[in-house]
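1. sharing a model that was predicted from the sequence below.
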There are 2 protein chains.
Amino acid sequence: MYKRLFPIALAVTVGGGYSLTAFSQVKPQTLVKQRQAAMTLQGKYFYPLLNMVRGRIPYDANAAVRNAAYLDALSKMPWDGFAPNTKDAKSGALPAVYTDTVKFKENQDRLQSEVAKLVAVSKGGSEPAIKAQIEAVDKACGSCHETFRERQ
Amino acid sequence: MYKRLFPIALAVTVGGGYSLTAFSQVKPQTLVKQRQAAMTLQGKYFYPLLNMVRGRIPYDANAAVRNAAYLDALSKMPWDGFAPNTKDAKSGALPAVYTDTVKFKENQDRLQSEVAKLVAVSKGGSEPAIKAQIEAVDKACGSCHETFRERQ
């Protein structure tokens, strides 16, 4: 019934540490597609929050709670898609992704940490506090893109 | 710093009910891209669970907990992407998506309900109970695809 999208090798790695050996067996284009999907959905749920901060749309506290919760999950999803075997795959990733892995990991952790704070403050925090944290998430996104993503 | 991926109109609709008028202003290809991203990620996190049930990879209780939680969020993300203005956009969606909206919604609800049960049972449930619920999620996916998605 299902078209299998990726080899079983990837599945083995899900849930625990990531084995480079196992990842090397997954098609690079599958990993790129999955990580880009995570980025697409982060955009879907983050831009409305940013637009609230920018005053382009009315502030909506319920949307902030919901989108923050979605972003909490989504912000954990892209990273295993930047496996070494994707180095030469067509994407917007800059070479630094594969050479400056320590800094790349720091950026991932920073995003997840800022999103976790947004989740917390979105639940009953003041509008200014929530908006400030949305800005913090924005900075985390932008800081990583600056170094690790082609200009768009 | 960010390329805007979709008009502000969409953002207005996030968080509450969905306005058809607002959705009509969003580019169909953006909605299709976002809903396909959600499906891609559902695949990323569901196939390993199914492969555990099928005995293709070892059972991993921690992976079941984590993937179920991700699927809980992801299973809520595709549906607003099937707005009426995407009817003629290139995708695997069958016309029934736009004509049999009641049944389509029932299928969405069924998936979300089965995933919610998986989230619950994954936390300390027995391996057979968890595996049975993974099968139930699989059936929910398949049942919807049968009617609403082109054969792949």
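-> Now that the structure is in, tell me what you want to look at.
2. quick one: mean pLDDT over stretch A:44-56.
-> Mean per-residue pLDDT for stretch A:44-56: 97.
3. with stretch A:89-98 instead?
-> So the average pLDDT for stretch A:89-98 ends up being 97.
4. from the chain's centroid, how far away is it?
-> 15 Å (Cα atoms, centre = their mean, to the nearest Å).
5. measure how the host helix or strand of A:Y70 sits relative to helix B:61-74, angle-wise.
-> Element membership for A:Y70 (DSSP states H and E) is helix A:61-74. For helix A:61-74 against helix B:61-74, the angle by axes from the mean of the first three to the mean of the last three Cα atoms, to 10 degrees is 140 degrees.
6. list the buried ones in the helix or strand that helix A:61-74 is followed by?
-> Following helix A:61-74 in sequence order, the next helix or strand is helix A:96-99 (DSSP H and E). Applying a neighbour-count criterion of 16 or more other Cβ atoms under 10 Å in any protein chain shown, the buried positions in helix A:96-99 are A:V97, A:Y98. For glycine as for every other residue, the C-beta is placed from the backbone atoms N, C-alpha and C.
7. again with stretch A:117-135
-> A:K117, A:L118, A:V119, A:V121, A:S122, A:G125, A:I130, A:K131, A:Q133, A:I134.
8. pLDDT added to the residues you listed, as CSV?
-> CSV is the format used below for those (pLDDT from 0 to 100):
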residue, pLDDT
A:K117, 98
A:L118, 98
A:V119, 98
A:V121, 98
A:S122, 98
A:G125, 97
A:I130, 98
A:K131, 98
A:Q133, 98
A:I134, 98
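9. just flag the most distant two among those.
-> Farthest pair in the buried residues of stretch A:117-135 (Cβ to Cβ) is A:V119 and A:K131. Separation: 14.9 Å.
10. if you rank every helix and strand of chain A by mean pLDDT, what lands last?
-> helix A:20-24 (a mean of 40; mean pLDDT, DSSP states H and E).
11. just checking, what packs against the helix or strand just after that one?
-> Sequence order places helix A:28-53 as the next helix or strand after helix A:20-24, per DSSP H and E. On a contact count with 3 or more Cβ pairs under 8 Å, 6 or more residues apart in numbering or on different chains; DSSP states H and E, helix A:28-53 meets helix A:61-74, helix A:127-148, helix B:8-13, helix B:28-53.
12. for B:Y59, find the nearest of these.
-> helix B:28-53 (4.9 Å).
13. rewinding a little: quick check: angle from the helix holding A:Y70 to helix A:28-53?
-> Using the same axes, to 10 degrees: helix A:61-74 against helix A:28-53 is 160 degrees.
14. list the residues that contact A:A73.
-> B:A69, B:Y70, B:A73, B:L74 (Cβ atoms under 8 Å, 6 or more residues apart in numbering or on different chains).
15. was I right to think the last one contacts B:A38?
-> Yes - between B:L74 and B:A38 there is a contact under Cβ atoms under 8 Å: 5.7 Å.
16. so those two - more neighbours on which side?
-> Regarding B:L74 and B:A38, a neighbour count based on other Cβ atoms under 10 Å in any protein chain shown identifies B:L74 as having more, with 28 against 22.
17. make CSV from the buried residues of stretch A:117-135 and add distance to chain B to it.
-> Output for these, formatted as CSV (distance: Cβ to the nearest Cβ, whole Å):
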residue, distance to chain B
A:K117, 18
A:L118, 15
A:V119, 12
A:V121, 17
A:S122, 11
A:G125, 16
A:I130, 13
A:K131, 15
A:Q133, 17
A:I134, 13
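18. among the helices and strands packed on helix A:28-53, where is the model least confident on average?
-> helix B:8-13 (a mean of 42).
19. point to the residue nearest the middle of chain A.
-> A:S75 (3.8 Å; Cα atoms, centre = their mean).
20. report pLDDT for that one.
-> pLDDT, A:S75: 98.
21. over to it: give its phi and psi.
-> phi -70, psi -10 (degrees, to the nearest 10).
22. hmm, A:R110 and it touching each other?
-> No - counting by Cβ under 8 Å, A:S75 stays clear of A:R110, with 10.2 Å between them.
23. distance of A:A68 from B:G125?
-> 28 Å (Cβ to Cβ, to the nearest Å).
24. one more: A:L71?
-> Applying Cβ to Cβ to A:L71 and B:G125 gives a distance of 28 Å.
25. which residues touch the closest residue in space to A:D88 that isn't next to it in sequence?
-> Nearest non-adjacent residue to A:D88, counting by Cβ to Cβ, 6 or more residues apart in numbering or on different chains: A:P28, 7.4 Å away. Neighbouring residues of A:P28 by Cβ under 8 Å, 6+ apart: A:A83, A:N85, A:T86, A:D88, A:A89.
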